[in-house]
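Trainee: Let me see the structure of the following:
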Amino acid sequence: MADKPTYEQLEQRAKELENGVGNRKWAEKAVRESEEKFKAITASAKDAIIIMDNEGSISFWNEAAERIFGYSPREAMGKELHIFLAPQKYHEAYGRGIVTFNRTGHGPVVGKTLELEAVKKDGTIFPMELSVSAVKIKGKWHATGIVRDTTERKRAEKALREAHEQLERRVEERTAELSRANVDLKQEIAERKRAEEALRDSEREYSILVESSLTGIYIDQNGKIVFANNRFAEIYGYSRDELIGLESCKLVHPEDVALTDEIRAKRLKGEEAPLEYEARGLTKDGETIWIVRRNTRIEYKGRPAILGNIVDITSRAQSEEALRKSEAKLYSIFRAAPAGIGLVSNRVLKEVNDRICEMVGYSREELLEQNARILYPSDEDYEYVGRKKYAQIRERGIGTVETRWQRKDGEVINVLLSSSAVDPNDLTRRVTFTALDITERKWAEKKLRERKEALKAQALSLEELNTALKVLLRRREEDKAELEENVVGNVKELVLPYVETLRNTRLDAKQMAYTSIIESLLNDIVSPFLRSLSSKYTGFTPREIQVAALVKEGKTNKEIAELLNVSARAVESHRENIRAKFGLKHQPVNLRSYLLSL
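Mentor: Model (predicted):
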């Protein structure tokens, strides 16, 4: 029979049991605080937070995941994650990746932020931004994924949602196990170790969720920042150490401090306050940024505090401001444009500028919501434009057509219409158009056509007159040639024979010289050289023509002077004039040689 324990041994065992119970209570409190933090973070999260166990099944599913994917926790829990949420085209690759992940904790998406696609409950495939991290729990690899539905990126939901009920059950189960740990010391030690491990796992999960979040997360207590994640520090341009203890009002634009203080105060009092609001912030370097805030009241280290999530929407705000300015600019152009501009939907006038009203004589109020038929003088014009213009828009994207409009006072004007559809796939929705009054241009074109016809008739008349003139000129040339042939023939046949007879009579020397001159001149008259010379060079005087003919025959200046009964100086002057008129002045060209070449 075993010896009974001594009093000292019993006292020692009682102390050990008392210390064990104290450690258990400390562990339970630590677990509760950690779980409360986790629950608060996930409850305010706007991104889906999903935890996958080592078998690829969903073990955690927050409300944001339910909102984004459409599945309730009851529907999602325990489902194979990739088959449940991924499009068919990714299944094979995911199947290979899960094997590697279970073995090594690594994979193509682990530790990265990727843009992928996922499937909602209703079958809709939507784009998402996924951040995945791996954590080893009890020797097995688990994956935590943060999913943001980037379809609504511009609105950028900035809050974390309620933590998944599964984690609460796990905590309750562990707490219940710790409660039963009083049975004996060994069970207490085992339960304490499990509780400590659970605490470390919870803290790791908490750290992973916070630090991999795409939103800035902070805790504001007594108007000072007591916690901030990396994204929060990045948005404001501070380090995390610089933020701790910083008055939160220094991160708010002075004009918005009253707004943020009022909402924070209401939250701390439990009063109704906006769940989400926009306010301006100030970065470390003084730059103004736009922030979307989502706050909730929590207990932090036993005291009330504000847990906040923020998203920097400066780019969106700037884009919206630029859009407003652009719209204002376009509207001013629309109102002041010299051309008529309008918008129709299913051929009903939705908008017109002042120029349209000037063109047709109607007020803007009289035109809006009226069928465009009001502008046309006949159904035929209205239907022609609809048929012609809309066919061009379908084919080329733009339709242009000339038509007629009828003013309110009944006057018909000519108009050039150009139109383009806002949605080329649905011409019944919105079509913009411009209208130019081309009445004066059409009148000018008509006058131009009439003028062209008149000029064409004049050109035809001139062409006929030109033909007649050509016939007359050709007849004149023929008459001239005939007359020349008659003169040459008469001189050769009727005159020269008598001159030859005269030479054979008894003549003195002077009479013989004159007879030679007469004969020479008559030969010159019928000579082709003189006819060519006189017709080609009409600027020659009769005396210059005579001198040129004698030079060509080889006569000297003295012989020419005696034959023409002039002085040798006069002959020399005529020779110089002839050279000048032939362009031979100051040229080393013999005059007789030149004349022989003609």
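
Trainee: just checking, what packs against the helix or strand encompassing residue 445?
Mentor: In this assignment (DSSP states H and E), residue 445 forms part of helix 439-490. Other helices and strands packing on helix 439-490, by 3 or more C-beta pairs under 8 Å, 6 or more residues apart in numbering; DSSP states H and E, are strand 412-421, helix 509-526. C-beta: built from backbone N, CA, C; applies to glycine.

Trainee: where among these is the average confidence lowest?
Mentor: Per-stretch mean pLDDT for the helices and strands packed on helix 439-490 is lowest at helix 509-526 (a mean of 69).

Trainee: From residue 349, how far out is residue 368?
Mentor: Between residue 368 and residue 349 the computed distance is 6 Å (C-beta to C-beta, to the nearest Å).

Trainee: Show me which of the two is the more surrounded one.
Mentor: The residue with more neighbours, out of residue 368 and residue 349, is residue 349; 22 against 14, by other C-beta atoms under 10 Å.

Trainee: for the helix or strand hosting the more buried one, which positions count as buried?
Mentor: Residue 349 is part of strand 348-352, with elements assigned from DSSP H and E. Within strand 348-352, the residues scored as buried using 16 or more other C-beta atoms under 10 Å are 349, 351, 352.

Trainee: Tabulate these (a markdown table), appending pLDDT and distance to residue 238.
Mentor: Shown next, in a markdown table, are the buried residues of strand 348-352 (pLDDT from 0 to 100; distance: C-beta to C-beta, whole Å):
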| residue | pLDDT | distance to residue 238 |
| --- | --- | --- |
| 349 | 90 | 56 |
| 351 | 89 | 49 |
| 352 | 90 | 54 |
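
Trainee: quick check, nearest of those residues to residue 386?
Mentor: Of all the buried residues of strand 348-352, residue 349 has the smallest distance to residue 386: 13.8 Å, by C-beta to C-beta.

Trainee: Give the bridge partners for that closest one, please.
Mentor: Here residue 349 shows beta-bridge partners residue 344, assigned using DSSP bridges.

Trainee: quick one: it from residue 375, how far?
Mentor: Taking C-beta to C-beta, one finds residue 349 at 8 Å from residue 375.

Trainee: Surely residue 117 is in a strand?
Mentor: Yes - applying DSSP: H, G, I helix; E, B strand; the rest coil, one finds residue 117 inside a strand.

Trainee: which ones are touching it?
Mentor: 86, 87, 90, 125, 126, 127, 128 (C-beta atoms under 8 Å, 6 or more residues apart in numbering).

Trainee: Wait, the second one touches residue 126, no?
Mentor: No - counting by C-beta atoms under 8 Å, residue 87 does not reach residue 126; the two are 10.1 Å apart.

Trainee: shared neighbours of these two, which are they?
Mentor: Contacts common to residue 87 and residue 126, judged by C-beta under 8 Å, 6+ apart, are 117, 118.

Trainee: in the protein, what secondary structure element scores lowest on mean pLDDT?
Mentor: Counting by mean pLDDT, DSSP states H and E, the chain has its least confident helix or strand at strand 160-161, which shows a mean of 46.

Trainee: on that earlier part again, neighbour count: residue 87 and residue 126, which is higher?
Mentor: Using other C-beta under 10 Å, the more surrounded residue of residue 87 and residue 126 is residue 126, with 14 against 11.

Trainee: Angles on the backbone of that one, please.
Mentor: The phi/psi pair for residue 126 (degrees, to the nearest 10) reads phi -130, psi 150.

Trainee: so what's it closest to, chain neighbours aside?
Mentor: residue 151 (5.1 Å; C-beta to C-beta, 6 or more residues apart in numbering).

Trainee: same check, this time on residue 108
Mentor: residue 97 (5.8 Å).

Trainee: Please report how far the one you found lies from residue 269.
Mentor: From residue 97 to residue 269 the distance is 49 Å (C-beta to C-beta).

Trainee: Now flag whichever of the buried residues of strand 348-352 is closest to residue 77.
Mentor: residue 351 (53.4 Å).

Trainee: follow-up on the earlier one: how much does the helix holding residue 445 deviate in direction from strand 412-421?
Mentor: Using axes from the mean of the first three to the mean of the last three C-alpha atoms, to 10 degrees, the direction of helix 439-490 lies 110 degrees away from that of strand 412-421.

Trainee: Quick check: next helix or strand after helix 439-490?
Mentor: Downstream of helix 439-490, the next assigned helix or strand under DSSP H and E is helix 496-503.

Trainee: Check which helices and strands that next one is in contact with.
Mentor: So helix 496-503, by 3+ C-beta pairs under 8 Å, 6+ apart, packs with helix 509-526.

Trainee: that older thread, how close does the residue nearest to residue 108 get to residue 594?
Mentor: From residue 97 to residue 594 the distance is 107 Å (C-beta to C-beta).

Trainee: for residue 364, same thing?
Mentor: Applying C-beta to C-beta to residue 364 and residue 594 gives a distance of 90 Å.

Trainee: Likewise for residue 236?
Mentor: 104 Å.

Trainee: Check residue 561 too.
Mentor: In terms of C-beta to C-beta, residue 561 sits 21 Å off from residue 594.

Trainee: In the stretch 301-450 of the chain, where is pLDDT below threshold?
Mentor: 326-338, 427 (pLDDT under 70).

Trainee: So which residues of it form strands?
Mentor: Taking DSSP state E, counting those that start in this stretch, the strands of the stretch 301-450 of the chain run over residues 303-312, 340-345, 348-352, 398-406, 412-421, 431-437.

Trainee: Buried deepest among those, which one?
Mentor: strand 303-312 (a mean of 22; mean count of other C-beta atoms under 10 Å).

Trainee: Using CSV, write down the CA coordinates of that one.
Mentor: Extracted in CSV, the C-alpha atoms of strand 303-312 (Å, rounded to 0.1, in the frame of the first residue of the first chain):
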residue,chain,number,x,y,z
ARG,A,303,-11.1,51.8,-21.9
PRO,A,304,-13.4,53.1,-24.7
ALA,A,305,-11.8,53.9,-28.0
ILE,A,306,-12.6,54.3,-31.7
LEU,A,307,-11.6,51.7,-34.2
GLY,A,308,-11.4,53.3,-37.6
ASN,A,309,-10.9,52.2,-41.2
ILE,A,310,-9.9,54.8,-43.8
VAL,A,311,-9.4,54.8,-47.6
ASP,A,312,-7.6,57.5,-49.5
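
Trainee: how many neighbours does residue 89 have?
Mentor: By other C-beta under 10 Å, 9 other residues sit near residue 89.

Trainee: what about it, distance to residue 125?
Mentor: On the measure of C-beta to C-beta, residue 89 and residue 125 end up 10 Å apart.
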